[in-house]
Structure formats: structure tokens, C-alpha cells
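Participant: Would you be able to build a 3D model of this:
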Amino acid sequence: MTNQPKIKLGIAPIAWTNDDMPELGSENSFEQCISEMALAGFTGTEIGNKYPKDPKALQEKLKLRNLEVASAWFSTFLTTKPYTETAEAFIQHRDFLWAMGAKVIVVAEQGHSIQGKMDTPLFKDKPQFTDAEWVKLTEGLEALGELAHEKDMEIVYHHHMGTGVQTTAEIDRLMKETDPTKVSLLFDTGHLVFSGENPLQIYKAYQDRIKHIHFKDIRDTVTQEVKAENNSFLSAVKQGAFTVPGDGVIDFKPIMSEIEKANYTGWIVVEAEQDPAVANPFEYALKARNYLKKNAKFKKVVKRKD
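Facilitator: You can find the predicted model right below:
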């Protein structure tokens, strides 16, 4: 068992077609997206809005390209809507991912979120949860974690710009106030650095609860401009705040060293939402894969079968 590969490398379709702004990449097809993922050397994908909704149809397309499903985003509204509404939608989402062979479910609280608002300042108007909302969030997440366990899956919470769980203090509170057996964490380098957090500090603090990873880089000149001009999250994406590992300011080498040292098992997914008309998705996917080949010292990585 110890000789089995531990880390799988995937990439998110958001570089080809943006779910929050479908006009970005509207010209790119689903089959182009997954073909270029495979051609760039990745073994997995998260799920975008152009992907088939039927598990059998999606499985057939992915199998042709030796791709697996790593996970997919699920929006919770635990702070603003009845739990039953979120739970009903979650079960449907969970069952789809389970049918696709995924082991983790990415969840992020969208109650009061401003990440999808084009004209709302990202930092100035960042939402803050009340104590009562924190209780709704943590209890709701634990209940979703139990639902995930029914299929031997885990939920991984995605701290995210423009939401109520973005900063170190908010991540600390979420981790402190939830049961570690029910709520795990997604570690996203780009969102942490954009927010002003220390990714190494977060990884070291919660390595035992981190069960999914997003590798995203940032262009510091753009993020500083976003802060100075009170721009929104969507504006930041259009301006090119995010890019792939090795193309921005984040030093991934110590992060990758810590991941290896912690004996991490699971997916590392490259994710960099950009305007595909400006940043060709295949070129950037290849750039990311080449950077990881050159700099990642992971001993056990699943290799492509091609």
C-alpha cells in the first residue's frame, strides 16, 4: 500500500470557460477543454458549466482522455437560507460526484458573498458573519459532512476572496468551531496570498485537515491595483489578478516541500481564472505542468497512462 502513488495533478476548467462570467471563454468547447488538459499532461479535472450532467456521458468523454474527476464546487447558503434547501441540493451534487469516483466535495459559503458582484469592492465591502451566522455555518457544515460520509466522501471547505471565510482569523475560527472528523479544508495558495495571508502558516497549522489543494498564482501588480482602486473580485479576474504557478509572485517551492513533508495524499489542482482571449488556456496549462515537472519534488505522483 505504501508504494501506491499519493498525489494526483489536475487542472480546473475555469481557465477555458468561467462559471461566474460565462462570456469569458464562451467560444471554448467542453471537448477542447478536456483534450487540452490531457495534452498538457494532467490526469484530472474539476467540473465546469459545459460538462455533461449525466455521469455516464461525462465518464465516457473523460475515459477517452485518461482523465478523472477530482471534485466540483458546491455553493452553500447556510447563513442565509434554511438548512434543508442546501442539504437537498448537496445530496444531488454529492451523488453525481460519487458516481464520477470523486472522494471530496468542495464547499464554500455563499451567504452574503460578494465574489459574484461586478461592482462591489472586494476588500472594502467584504462580508463578516455574526456570531449567530457562524453557528449556522459550522453546524450546517458538520451536517453536510455527515451526508458526505454516507458515500465515504469528505467535504473540503474553500476559503475564498469576497466571502465570510477568507482571512487567517476566519479560517482559524472555522477550524476551531467544526469537528475535524466532519469538516476538512481546501488549501488555495492564490486566495490566501491575495487576501494577505501566509500560505505556509495555514498549511502547517492545518495539514492534518487539508484534503484538497488548489495551486493558483497571483500577479501582485494587479492585486495591489484592485485594493487601491476598490475593484471587485470579478474585475480582478478580468484584470488578470490570477495566473498559473510559476507565472506570478508566489514561491511554490517551500509550499511543495511542506506538502511532501506532510505526506499529503490527494489532488493538487491547478486553477487560474483568466480571460482565455488574453491568456490562452492550453499555453498556460502547459506552462503550469512544465513548472511543476521542473520544481515539484513529490516522490509519488500518478503518471498519465498515455
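Participant: for this protein, longest helix please?
Facilitator: Counting residues, the longest helix found in the chain (DSSP state H) is helix 131-149.
Participant: Could you measure from the most centrally placed residue in the chain over to residue 199?
Facilitator: Per CA atoms, centre = their mean, the C-alpha nearest to the average position across the chain is that of residue 214, at 5.0 Å. Distance, residue 214 to residue 199, by CB to CB, to the nearest Å: 11 Å. Quick note: C-beta positions are derived from backbone N, CA and C, even for glycine.
Participant: these two touch, right, the residue nearest to the centre of the chain and residue 187?
Facilitator: Yes. Between residue 214 and residue 187 there is a contact under CB atoms under 8 Å: 7.2 Å.
Participant: circling back: now for residue 214 and residue 199: what residues contact both?
Facilitator: 187, 189 (CB atoms under 8 Å, 6 or more residues apart in numbering).
Participant: For the residue nearest to the centre of the chain, give me the pLDDT.
Facilitator: Looking at residue 214, its pLDDT stands at 98.
Participant: who are the neighbours in contact with the closest residue to it other than its chain neighbours?
Facilitator: In space, and not counting its chain neighbours, residue 214 is closest to residue 188: 4.1 Å by CB to CB, 6 or more residues apart in numbering. Counting by CB under 8 Å, 6+ apart, residue 188 touches 158-160, 213-214, 216, 271.
Participant: where do the helices sit along the stretch 1-150 of the chain?
Facilitator: For the stretch 1-150 of the chain, helices defined by DSSP state H, counting those that start in this stretch occupy the ranges 30-40, 55-64, 83-99, 131-149.
Participant: Look up how far residue 259 lies from residue 161.
Facilitator: 22 Å.
Participant: Quick check: phi and psi on the residue nearest to residue 214?
Facilitator: phi -120, psi 110 (degrees, to the nearest 10).
Participant: any idea how far residue 108 is from it?
Facilitator: For residue 188, the distance to residue 108 - CB to CB - is 10 Å.
Participant: Need the residues touching each of the two.
Facilitator: Contacts common to residue 188 and residue 108, judged by CB under 8 Å, 6+ apart, are 158-160.
Participant: In strands, which of those appear?
Facilitator: residue 158 (DSSP state E).
Participant: for the shared contacts of residue 188 and residue 108, which one is nearest residue 169?
Facilitator: residue 159 (11.1 Å; CB to CB).
Participant: The closest one reaches residue 193, doesn't it?
Facilitator: No. Residue 159 is not in contact with residue 193 according to CB under 8 Å; the separation is 11.9 Å.
Participant: the more surrounded of these two?
Facilitator: The residue with more neighbours, out of residue 159 and residue 193 and counting by other CB atoms under 10 Å, is residue 159; that gives 24 against 20.
Participant: contacting residues around the more buried one?
Facilitator: Contacts of residue 159 by CB under 8 Å, 6+ apart are 108, 165-166, 170-171, 174, 185-186, 188, 191-192.
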